[in-house]
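Asker: based on what follows, work out the 3D shape:
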Amino acid sequence: MKTYDGSNQTIVVIDTGYNNAYKYPGEIVYEYDFADKDESAAAYKNNHGSQVAQIASKEAVGADIIHLKVFGDGAWFAGGNDIQDALQWTIDNAEKYNISAVNMSLGYGNATETSDTFLKDEFARLADKGVLITTAAGNSYQHYGEGVTHFSADVNTIAVSATDQNGDIASWSQHDRKLTDIFAQGDNVAVDNVNGTHNVDGTSFAAPNIAGKIAVVQEAAEDIVGHKLSQERMVDLMQMTGTSMIKSSEAATGTETDQNADGQALGADSQITQIKMSGAFYTGDVVSVNIDDTQYDTKVVIGGGSNFLQALDQVSKTVMDTGGVDSVSIEHVNYGTASWYANLNVEFKDSNAHDVSISATDNTPWGNPTPITVSASTVREAVGEVTPDPVEDPVSIPPEEPVAEEPVEEVVEEVAQEPVIEQPTTTEPVEEVVEEKPTVDASDPRIALDEAGDDFETAKVLGVIKNDYVTQDHLVLDLDAEDTFRFTIGDQNVNISVETNNNDIDLELYNSEGVMIDNDWNWGGGDVNIDRFLFEGQYYAKVVNFDHDQEAEYNLRFDLNREPAAPEVEQDYAGYVIPDTQKMVDFIGQKYDGWDGWLFV
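Answerer: Below you'll find the predicted structure:
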């Protein structure tokens, strides 16, 4: 079998430049110093950029390297304009150098939702050119808790979190169940200089590992199929063929597949009690949870990092150690604000009812600026609850479309062992060019008047689904790229499927608030389906023409009273995977038939 090493591919390293003390296989084919405005990216006072490039080059020994220096000599801060200029150069020269990946082992802050930054336009234009951007997720988990750096939270970047040398999550690595795309080793990573081998730590050194893997896989894709993989397909392929970091014991074995806030599957018969906690916790505070007249005390001990997150973890452990609890999941609300709090969702092992209460003693001697408040309430009864009749389809207001914040030029804080950016100087705003979508023409012979709109507001109403049901519709290129259906259902096991005659169509399921709760897709076509328990209420099903290049008739089918399949790995854990380059290449080679023309960008 032919081997690949990233030949004829180029990796751009936007960093501190390079140091000749660090050698690597890749040839430097271009360099520029955007910070000092000269043609040499050499930086003898800083090793960071050389270490990053070496790690990428070891993964893709045949790939070329481009160093774009955005840090002044000896500086650990980069100007926002310099980073923008480096990205713009990459956009302008992507085809000339056949650039596969851009590595940015720099960042700032923490985000728990998809985030826009002042670089969002450059990220989007690179994505349009098929250039994939690997970003360091950050090294401050103990400070922030869940989340990744703001650059990593952009939809057009690949967020890379770090493992230790044993393949477990590095204790300091920022990571997020929804935002982390992939993991790579970032702890005790070996690098070589003229004096020998030493180890470096940080998500800075996990990200280039992925950049190197991308170069190898893109070489294979171009050779086998003739096209590179898009970001979505690259990440999907990494997650599908890599090694999962989530143990099977972490997925519950109940028959119900509704997810709690921690991404776990809930059992069908047990009680769930929600404990709400807020305030500032200090060493000496006591949180007491009373379960069935037995009191369990947590004496809070605060070390370095977030005092609130430490208190949550300690209370969670106490509750789990009671012996009768199956799982405790943590849900952060208004995270990072002065009014934020958290819910601990406690699920019991048995199907009995339990009496749960909670109290707290604030022992802060100098007075607490944010008093502790705690409460407990049952959010789902144990077995014996009467199932309500299905409700009629309500008239509801569709969820509002999200409004993106205006890009801001942010002050950058230093992240341990990672370069961060300064507030960029003010630049003239660039007028955004919005591509107009073609409108549906009812006279087009390929398409009838579309009854299922693209969004929630124009969704086709199916009413109350009480029995097995099927509806037919169509998708045609950009003219009709998405169909949205609104339906109401009672507490029910249901299998929702799309039969597409081997077209590349995706299926997405949203709750009444417009938040995606499940989805399914297929490599190259075939039927897709969502198999799960739904609580009584309103939902949206969306059928999506993946690349907007298909003409497909399909059946959308609802089969009720189906026993849902036990999930192998919950969707929120999708990025908790360590990729394997050879398995990715092998998958492309073995699945060649039928891929050409539609899978790649």
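Asker: what about residue 317, how many residues nearby?
Answerer: The local packing of residue 317 (other CB atoms under 10 Å) involves 11 other residues. C-beta here means a position set from N, CA and C on the backbone, and glycine is covered the same way.
Asker: oops, could you answer that again for residue 319 instead?
Answerer: 23.
Asker: let me see the contact set for it.
Answerer: 275, 289, 296, 325, 328, 344, 346 (CB atoms under 8 Å, 6 or more residues apart in numbering).
Asker: give me the secondary structure label for the second one.
Answerer: Right, residue 289. The local conformation at residue 289, judged by DSSP: H, G, I helix; E, B strand; the rest coil, is strand.
Asker: any idea what it is bridged to?
Answerer: residue 296, residue 358 (DSSP bridges).
Asker: which parts of the stretch 501-601 of the chain are strands?
Answerer: In the stretch 501-601 of the chain, the strands defined using DSSP state E, counting those that start in this stretch lie at 505-510, 516-520, 528-534, 537-545, 551-560, 577-578.
Asker: can you give the strand pairings for the second one, parallel or anti for each?
Answerer: Looking back up the chat, that one is strand 516-520. Sheet pairing for strand 516-520, assigned by DSSP bridges, gives strand 505-510 (antiparallel).
Asker: sorry, back to before: any of the contacts of residue 319 buried? List them.
Answerer: 275, 289, 325, 328, 344, 346 (16 or more other CB atoms under 10 Å).
Asker: lowest-confidence entry in those?
Answerer: In terms of pLDDT, the lowest of the buried ones among the contacts of residue 319 is residue 328, showing 76.
Asker: double-check it against residue 343; I have them as touching.
Answerer: No: between residue 328 and residue 343 there is no contact under CB atoms under 8 Å: 10.5 Å.
Asker: quick one: the helices in this structure?
Answerer: 48-59, 80-97, 120-128, 141-144, 207-224, 231-241, 307-320, 581-590 (DSSP state H).
Asker: for the last one, buried residues please.
Answerer: For helix 581-590, the neighbour count (16+ other CB under 10 Å) marks 581, 584, 585, 587, 588 as buried.
Asker: what is that helix packed up against?
Answerer: helix 207-224, helix 231-241 (3 or more CB pairs under 8 Å, 6 or more residues apart in numbering; DSSP states H and E).
Asker: run the angle between the longest one and helix 231-241 for me.
Answerer: Between helix 207-224 and helix 231-241, the angle formed by their directions is 100 degrees, by axes from the mean of the first three to the mean of the last three CA atoms, to 10 degrees.
Asker: just name the most buried of the helices and strands packed on helix 581-590.
Answerer: Comparing the helices and strands packed on helix 581-590 by mean neighbour count (mean count of other CB atoms under 10 Å), helix 207-224 ranks first with a mean of 27.
Asker: spatially nearest residue to the spatially most central residue of the chain (excluding sequence neighbours)?
Answerer: By CA atoms, centre = their mean, the chain has its centre lying nearest to residue 179, at 2.4 Å. Spatially, and ignoring its direct neighbours in sequence, residue 179 is nearest to residue 148 (4.9 Å; CB to CB, 6 or more residues apart in numbering).
Asker: pretty sure that neighbour contacts residue 159?
Answerer: Yes: contact criterion CB under 8 Å: residue 148 and residue 159 qualify, at 4.8 Å.
Asker: returning to what we had before: can you redo the helices and strands packed on helix 581-590 as CSV with distance to residue 105 and mean pLDDT?
Answerer: Below are the helices and strands packed on helix 581-590 laid out as CSV (distance: least, CB to CB, whole Å; pLDDT from 0 to 100):
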stretch, distance to residue 105, mean pLDDT
helix 207-224, 5, 95
helix 231-241, 18, 89
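Asker: including distance to residue 360, could the ones you listed go into a markdown table?
Answerer: Output for the helices and strands packed on helix 581-590, formatted as a markdown table (distance: least, CB to CB, whole Å):
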| stretch | distance to residue 360 |
| --- | --- |
| helix 207-224 | 41 |
| helix 231-241 | 40 |
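Asker: okay, now the unreliable bits of the stretch 151-300 of the chain?
Answerer: 247-269 (pLDDT under 70).
Asker: try it again with 50
Answerer: Across the stretch 151-300 of the chain, the ranges flagged by pLDDT under 50 are 247-268.
Asker: ranges for the strands of it?
Answerer: Going by DSSP E, counting those that start in this stretch, the stretch 151-300 of the chain shows strands at 158-163, 182-185, 189-193, 196-200, 243-244, 272-278, 286-291, 294-299.
Asker: next, the angle from the longest one to helix 307-320.
Answerer: Read that as strand 272-278. 150 degrees.
Asker: what lines up beside strand 272-278 in the sheet?
Answerer: When pairs are called by DSSP bridges, strand 272-278 turns out to pair with strand 341-348 (antiparallel), strand 373-380 (antiparallel).
Asker: mean neighbour count, the ones you listed: which tops it?
Answerer: A comparison of these by mean neighbour count, using mean count of other CB under 10 Å, puts strand 341-348 on top with a mean of 22.
Asker: returning to what we had before: now tabulate the strands of the stretch 501-601 of the chain in TSV and tack on mean pLDDT.
Answerer: TSV is the format used below for the strands of the stretch 501-601 of the chain (pLDDT from 0 to 100):
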stretch	mean pLDDT
strand 505-510	86
strand 516-520	80
strand 528-534	82
strand 537-545	88
strand 551-560	84
strand 577-578	92
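Asker: which one of these lies nearest to residue 452?
Answerer: Among the strands of the stretch 501-601 of the chain, the nearest to residue 452 by CB to CB is strand 537-545 (7.8 Å).
Asker: centre of the chain to that closest one, how far?
Answerer: 21 Å (CA atoms, centre = their mean, to the nearest Å).
Asker: what does stretch 65-82 give?
Answerer: Distance of stretch 65-82 from the chain centroid (CA atoms, centre = their mean) equals 27 Å.
Asker: with stretch 513-522 instead?
Answerer: 14 Å.
Asker: list the buried residues in it.
Answerer: 517, 518, 520, 521, 522.
Asker: any chance of those in TSV, plus distance to residue 317?
Answerer: Listed next are these as TSV, based on distance: CB to CB, whole Å:
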residue	distance to residue 317
517	28
518	30
520	35
521	37
522	40
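Asker: touching, residue 80 and residue 117? I think so.
Answerer: No: using CB under 8 Å, residue 80 makes no contact with residue 117, being 9.1 Å away.
Asker: higher neighbour count, the two?
Answerer: Just comparing residue 80 and residue 117: by other CB under 10 Å the higher neighbour count belongs to residue 117, 25 against 22.
Asker: the more buried one - nearest residue in space that isn't next to it in sequence?
Answerer: Per CB to CB, 6+ apart, closest to residue 117 is residue 150, 5.1 Å.
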